[in-house]
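S.K.: Got a sequence here, can you model it:
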Amino acid sequence: QVQLVESGGGLVQAGGSLRLSCAASGRTFSSYAMGWFRQAPGKEREFVAHIWFSGSSTSYAGSVKGRFTISRDNAKNMVYLQMNSLKPEDTAVYYCAARWGLGDKDPGKYDYWGQGTQVTVSS
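M.R.: Next up, the predicted model:
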């Protein structure tokens with residue numbers, strides 16, 4: 001069982017930066033791939049980034065590649081999403097999620113989810 005709690009969301013102007021954090025419970029955190037997803041009003045939840053259990057591989061959605069960076073600290077049971085050059089279209093609720101082993105872009109493949117944190121980017 002893994003419990004996830006996101007933090008770090010807020011209101012930022014376009015071009016600004018935010019760093020999201022996700023704190024995970026459980027002794028086997030290092031065995032889980034972690035993903036960040038987002039959901040804007042009226043839209044489906046979409047993939048943002050994922051990182052493998054070892055941290056050796058990452059993947060990004062095309063819309064955020066080069067602007068967002070996912071990382072993890074297995075010693076602290078934490079995963080992060082550094083978001084730079086934010087755009088109004090990045091406005092959404094951001095969720096972290098966990099699945100055993102390797103990362104995946106399909107939110108349906110993840111077993112555990114946090115409650116989400118709101119990110120609002122003003123123009």
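S.K.: check which helix or strand covers the spatially closest residue to C22 that is not a sequence neighbour.
M.R.: Take C22 and drop its neighbours on the chain: the residue closest to it by C-beta to C-beta, 6 or more residues apart in numbering is C96, 3.5 Å away. Where C-beta positions appear, they are placed from N, C-alpha and C, glycine not excepted. With elements taken from DSSP states H and E, the one containing C96 is strand 92-100.
S.K.: Can you mark which positions in that strand are buried?
M.R.: Across strand 92-100, burial judged by 16 or more other C-beta atoms under 10 Å covers 92-99.
S.K.: what pairs with the helix or strand following that strand, and is each one parallel or antiparallel?
M.R.: Next along the chain after strand 92-100, taking DSSP H and E as the criterion, comes strand 112-113. Using DSSP bridges, the strands paired with strand 112-113 are strand 92-100 (antiparallel).
S.K.: returning to that earlier point: give me the contacts around the strand holding C96.
M.R.: For strand 92-100, contacts defined as C-beta atoms under 8 Å, 6 or more residues apart in numbering pick out 2, 4, 6, 9, 20, 22, 24, 29, 31-40, 43, 45, 48, 53, 79, 81, 107, 109-119.
S.K.: swap in stretch 27-38?
M.R.: Residues outside stretch 27-38 that contact it (C-beta under 8 Å, 6+ apart): 2, 20, 22, 24, 45-54, 68, 70, 72, 74, 77, 79, 81, 90, 92-105, 107, 110, 112, 119.
S.K.: which of these are buried?
M.R.: Neighbour counting by 16+ other C-beta under 10 Å classes 2, 20, 22, 24, 45, 47-53, 68, 70, 72, 77, 79, 81, 90, 92-99, 103-104, 107, 110, 112, 119 among the contacts of stretch 27-38 as buried.
S.K.: Stretch 89-109: end-to-end distance?
M.R.: From its first residue to its last, stretch 89-109 covers 25 Å (C-alpha to C-alpha, to the nearest Å).
S.K.: now it, how far from the chain's geometric center?
M.R.: Chain-centre distance of stretch 89-109: 6 Å, with C-alpha atoms, centre = their mean, to the nearest Å.
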